[in-house]
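> Whatever this is, show me its structure:
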Amino acid sequence: MDQFYRWERSGKPQLILLPNDYADAPVFAAVDAPSEAVAAELSITLSLQGSVDISAQYTAAGKLDSGLFLFTLEPQYDGEHSTLAQAESLWLRHCYQSPQYRQLPPYTLTFFDGSGAVLAAVHSENTP
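Just a heads-up that it's a prediction; the model follows:
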């Protein structure tokens, strides 16, 4: 079931996970980005421990949409790593449905101006 989440607005850039039960991968949004930002990049570390352990660094370019930068993570594992690919796919599709993932894993969110200069960087050391 799709859900609507509320978060405290601080006026500072922050990353939120958008609820979407129908997505193949989680979609993140950067809110309260610097007004001069024309590009953004998300670097996030996702970890899964179970029958297969995965800890992978993902990097995604933000797509500007209605004042928000949206990020979708692309899978890193393919058929050659079938067990890892299956575990990653399960994690990416279902991570946002579990209450333990309400707190985001470690990430860095970087905003750039039109010339490519860094405007701001937000670092989080949260763990799920």
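
> could you point out which element follows the helix or strand bottoming out on mean pLDDT in the chain?
Within the chain, confidence by mean pLDDT, DSSP states H and E is lowest for helix 82-94 among all helices and strands, at a mean of 68. The element immediately downstream of helix 82-94 (helix or strand, assigned by DSSP states H and E) is strand 107-112.

> which residues of this protein score low on pLDDT?
Residues of the chain that meet the criterion pLDDT under 70 lie in 1-7, 19-24, 48-54, 79-81, 84, 87, 89-103, 125-128.

> Give me the longest strand you can find in it.
What stands out as the longest strand in the chain, according to DSSP state E, is strand 39-48.

> in that one, what counts as buried?
By 16 or more other C-beta atoms under 10 Å, the buried positions in strand 39-48 come out as Ala39, Ala40, Glu41, Leu42, Ser43, Ile44, Leu46, Leu48. In this view, the C-beta of every residue, glycine as well, is placed from N, C-alpha and C.

> what do you get for stretch 72-80?
Residues Thr72, Leu73, Tyr77 are the ones in stretch 72-80 that count as buried (16+ other C-beta under 10 Å).

> Narrow those to those in strands?
Thr72.

> possible to save the buried residues of stretch 72-80 as TSV with distance to Val118?
Shown next, in TSV, are the buried residues of stretch 72-80 (distance: C-beta to C-beta, whole Å):
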residue	distance to Val118
Thr72	22
Leu73	22
Tyr77	30
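
> Closest to Leu15 out of the buried residues of stretch 72-80?
Leu73 (12.2 Å; C-beta to C-beta).

> Quick one: residues contacting Val118.
Applying C-beta atoms under 8 Å, 6 or more residues apart in numbering, we find Val118 in contact with Thr110, Phe111, Phe112.
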